[in-house]
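Novice: compute the structure for the input listed below.
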Amino acid sequence: MPADRREAEASLDALVRENRFTISVVFPVVGAVLLVASAEGAFAGTPLAPLAFNGGMILLGTLVMRSPLVVGLAPLVGRRELAGIGLLSAYAYAIEYVGVTTGWPYGEFEYLVALGPELGGVPLGLPVFFLPLVANAYLLCLLLLGDRAERAAVRLLAVIALVLVMDVVLDPGAVALGFWAYEGVADAGAVGVLSGAGFYGVPLSNYAGWVVSATVAVVVLDAAFDRAALRARLADCEFMLDDMVSFVLLWGGVNLWFWNPVAAAVAACIGIGLVRADRFDASLFRQAF
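Specialist: Numbering: from 1, shown residues only. This is a model prediction of the structure:
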């Protein structure tokens, strides 16, 4: 057993580092296959039926894929950072509850698949699904912007824009899988944007809502964490953005299967951003095979 927090953090670092390929490649690829198979009804009437949209497995798989980010941030988390995370978790639950019950700010929608235990119709694991999107976007922008990230306006606008870009990938994939559905919004593909009909079944109001939530989350995150410490940790922790690699593989794959080509292309662009930031370690594939 570790003698103190520092030893525990070092042990977790080593655990993630030794299992990077499994965490950031195997888990998202297997997850994408299981989710697509569930949506296509491949498990129906077979002994594998319990695997179909298994909420516990979805939550567990998400936690595993988030582990590089959590372990990467762990040494930086003190009282102020913990307070920021707690505030954002409370916000995530509150805004989602308002969204489910009133349709504001994302548009009228309902969950069609149980993403683990729920409270008031909102998945308990919501912070695990939402906050890492913002944290990953923040960290990638720090790397890509370099010294320009020291300007608050540039930094915050860039992160908010990247969070929106990530939802351009996430929401169409989730709607295609049947995780949730927006009332009265047909899937008009990407061109639905031109007529105001939506984007692969996702209303434009959803993205307006994400501007609100991303702005709140980015401002709180920016105030809670020490930017210099984040940069130093990013320099020492090569796996800190592996969760974003998982995001690209899982949601890029789902969008490709359901032929949402624009969403899949955007996922590929995020992958290019990871390569440019030297955070997509292709040697993992060579080591694995």
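
Novice: switch to C-alpha atoms for all contacts and neighbour counts from now on
Specialist: Will do.

Novice: contact partners for the most centrally placed residue in the chain?
Specialist: What sits nearest the mean C-alpha location of the chain, by Cα atoms, centre = their mean, is Leu133, with 3.9 Å. Going by Cα atoms under 8 Å, 6 or more residues apart in numbering, Leu133 touches 163, 166.

Novice: go again with 10 Å.
Specialist: Residues near Leu133 by Cα atoms under 10 Å, 6 or more residues apart in numbering: 66, 127, 162-164, 166-167, 214, 243-244, 247.

Novice: for Phe129, which non-adjacent residue is closest in space?
Specialist: Thr62 (7.5 Å; Cα to Cα, 6 or more residues apart in numbering).

Novice: could you say which helix or strand holds the one you found?
Specialist: helix 55-73 (DSSP states H and E).

Novice: for that helix, packing partners?
Specialist: helix 5-18, helix 27-39, helix 126-145, helix 227-236, helix 242-257 (3 or more Cα pairs under 10 Å, 6 or more residues apart in numbering; DSSP states H and E).

Novice: next SSE after it?
Specialist: helix 79-102.

Novice: where does Leu59 sit relative to Leu115, distance-wise?
Specialist: 7 Å (Cα to Cα, to the nearest Å).

Novice: so what sits against both of those two?
Specialist: Common neighbours of Leu59 and Leu115 (Cα under 10 Å, 6+ apart) are 123-126, 129.

Novice: Glu250 against Val30, yeah?
Specialist: Glu isn't right for residue 250; it's Leu. Yes - Leu250 is within contact range of Val30, at 8.5 Å (criterion: Cα atoms under 10 Å).

Novice: so between those two, which is more surrounded?
Specialist: Leu250 (26 against 13; other Cα atoms under 10 Å).

Novice: pull the contacting residues for that one.
Specialist: If you count contacts by Cα under 10 Å, 6+ apart, Leu250 has them with 24-33, 35, 170, 173, 244, 256, 267.

Novice: any of those residues buried? List them.
Specialist: Buried residues within these, counting neighbours by 16 or more other Cα atoms under 10 Å: 24-29, 31-33, 35, 170, 173, 244, 256, 267.

Novice: just give me the neighbour total for the nearest residue to Leu256 once chain neighbours are set aside.
Specialist: Nearest non-adjacent residue to Leu256, counting by Cα to Cα, 6+ apart: Ala264, 5.6 Å away. For Ala264, the count of nearby residues is 26 (other Cα under 10 Å).

Novice: how far off helix 242-257 does the strand or helix carrying Ala264 point, in degrees?
Specialist: Here Ala264, judged by DSSP H and E, is contained in helix 261-276. Inter-element angle recorded for helix 261-276 and helix 242-257: 150 degrees (by axes from the mean of the first three to the mean of the last three Cα atoms, to 10 degrees).

Novice: tell me the mean pLDDT over helix 261-276?
Specialist: The pLDDT scores in helix 261-276 average 94.

Novice: and what of stretch 103-123?
Specialist: Averaged over stretch 103-123, pLDDT sits at 90.

Novice: return the distance of it from the chain's centre.
Specialist: 17 Å (Cα atoms, centre = their mean, to the nearest Å).
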